[in-house]
Structures are given as C-alpha cells and as structure tokens.
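*Asks:* Got a predicted structure here, sequence first:
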Amino acid sequence: YSLYARTRLGYLFYQRQGKKARERYPHGHSVPQPCCFPGVKILPIPVLSNNYSYLVIDTGSSRAAVVDPSDPLAVQAAIEEEGVMLEAIFCTHKHWAADLPVCRDHSGGNAALCQKHNSCKVYGSALDAIPQLT
C-alpha cells in the first residue's frame, strides 16, 4: 500500500489503471442516483473527473455525514441543497487522483468543510495522514 499511495511509481500505476478504465468505459461506469431507506438518504455527488463522494443524511434529524469529500464546493452545494447540518467526514482510504498531482482524491475537501462546519469530526486511518483527522 505504501508503494502505491506514496511513491511516483504508485502514481504512474494509478494513471495507467485510470486510462485503462476510461478506454473500457468511455461514458463512465455508473449513473449517480439517490438511494433512500427508512430514515436515511444517500446522495452520490460526482467529484473530480471519475469519482463520487456520498452525502449520508439522517432524514429525521437533518444531520449528515459525507464520505470521501474530494471537492468541497460540490459537497457544500449538496449540503445546502438538502438543507442539512454536516456532522462528520469519513475518509475511507487515499490514493492518487488523475486530476490532482497529490494524493488527496478522497480527502481534498476536509479542511474547507471543517472550516465551514465547526463541529464536524473527521474519521479515517491515521496511517493515511488524512488532513484534519480528529
């Protein structure tokens, strides 16, 4: 994992895998659709050129958590549109992003979102050096 996430060789491998995926699925691999369960709404948010963040909403309390917020503007727009209060950020893992020269495709929005939402907690692995990790 360290070789993949922290080295130039890992970055080159990630770029190669992304290129293969774009050739195989030129129109993308999925269509984002909200998913609703009793008391919970999960809203996929397209970010960067090939990824998603997810806003998980407790419909009873209008509180929410976001999973892998790489683009803070897109995530904040969804938060405002849904009218919810952001309580938590979950960063599942970290690897290179095709659009970014650094390893932040899942955590790039942490700092901006925490600044806007003061009580927001950030959860993830300490091994990934995730920004704003609480």
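*Replies:* Thanks, I have it.

*Asks:* Going by C-alpha atoms from here, please, whenever you check contacts or count neighbours.
*Replies:* Noted.

*Asks:* Identify the bridge partners of residue 43.
*Replies:* Counting by DSSP bridges, residue 43 forms beta bridges with residue 55.

*Asks:* and it, what is it in contact with?
*Replies:* 32-35, 54-56 (CA atoms under 8 Å, 6 or more residues apart in numbering).

*Asks:* which residues touch the spatially most central residue of the chain?
*Replies:* Relative to the mean C-alpha position of the chain, the nearest C-alpha, by CA atoms, centre = their mean, is the one of residue 68, at 2.2 Å. Applying CA under 8 Å, 6+ apart, we find residue 68 in contact with 52-54, 89-92, 105-107.

*Asks:* ok, the nearest residue to residue 59 once chain neighbours are set aside - how many residues close by?
*Replies:* Counting by CA to CA, 6 or more residues apart in numbering, residue 59 lies nearest to residue 39, which is 5.1 Å off, once chain neighbours are set aside. The number of residues packed around residue 39, counting by other CA atoms under 10 Å, is 11.

*Asks:* Ok, the one 3 residues further on next?
*Replies:* Residues lying near residue 42 (other CA under 10 Å) number 18.

*Asks:* Kindly report the same for the one 10 residues further on.
*Replies:* Burial measure for residue 52: 20 neighbouring residues, criterion other CA under 10 Å.

*Asks:* What separation do you get for it and residue 119?
*Replies:* Residue 52 sits 24 Å away from residue 119 when distances are taken as CA to CA, to the nearest Å.
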